[in-house]
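S.K.: quick one, what's the 3D model for this:
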Amino acid sequence: MRTEEILRAARAQGVMIATAESCTGGMVAAALTDIPGSSDVVERGFVTYSNKAKIEMLGVSPDTLAAYGAVSEVVAGEMADGALAHSAAQLAVSVTGIAGPGGSDHKPEGRVCFGLAMRGRATQTETQDYGAQGRAMVRGLARDHALTLLLDALTR
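M.R.: Have a look, this model is predicted:
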């Protein structure tokens, strides 16, 4: 299972993990903490659903939110960086998106932006467009992709 691999790799490297989640509402942290003994690797999780929470808990810039909107790679990057800055973790993943229903031509339903920050490395961001598959499916795909990003960061 992917989560067990993530925890094993993090343990082997002495890495603690933090999550910063919006549209997934804590699903990434929940997947990691479903495994008994994960507290030696999972440092904390931030559920920052509102813009105010992103600003207060993660230090996301209000100017960034105003210029790019919450569903953007720039915000995802700031969320991941903020999770590192506001924790004792060495690795953080962030998720922000439009799970649906809704969206717009500019930011369609199913668009999810991710950030990955690791001490000593440049923060990476990316966007996945899952399409209008329904809220539960988009959230599950986003959770799984965030876990893949963590595993890749720990094993490359």
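
S.K.: only C-alpha atoms from now on, for both contacts and neighbour counts.
M.R.: OK.

S.K.: beta partners for the residue nearest the centre of the chain?
M.R.: Residue closest to the average C-alpha location in the chain (CA atoms, centre = their mean): Ser94, at 1.9 Å. With DSSP bridges applied, the residues forming beta bridges to Ser94 are Ala20, Gly115.

S.K.: from memory it sits against Phe114, does it?
M.R.: Yes: contact between Ser94 and Phe114 holds when scored by CA atoms under 8 Å: they sit 5.4 Å apart.

S.K.: for the residue of the chain most remote from its centre, which three-state class applies?
M.R.: With distances taken as CA atoms, centre = their mean, the residue sitting farthest from the centre of the chain turns out to be Asp105, at 23.8 Å. Assigned with DSSP: H, G, I helix; E, B strand; the rest coil, Asp105 falls in the coil class.

S.K.: so it versus Val60, what's the distance?
M.R.: 25 Å (CA to CA, to the nearest Å).

S.K.: show me what the helix or strand harbouring Arg8 is in contact with.
M.R.: Under DSSP states H and E, the secondary-structure element containing Arg8 is helix 2-13. Around helix 2-13, the neighbours that count as contacts under CA atoms under 8 Å, 6 or more residues apart in numbering are 16-17, 31-32, 35, 38, 40-41, 147-148, 150-151, 154-155.

S.K.: buried ones in it, by neighbour count?
M.R.: Neighbour counts using 16 or more other CA atoms under 10 Å place Thr3, Glu4, Ile6, Leu7, Arg8, Ala9, Ala10 of helix 2-13 among the buried residues.
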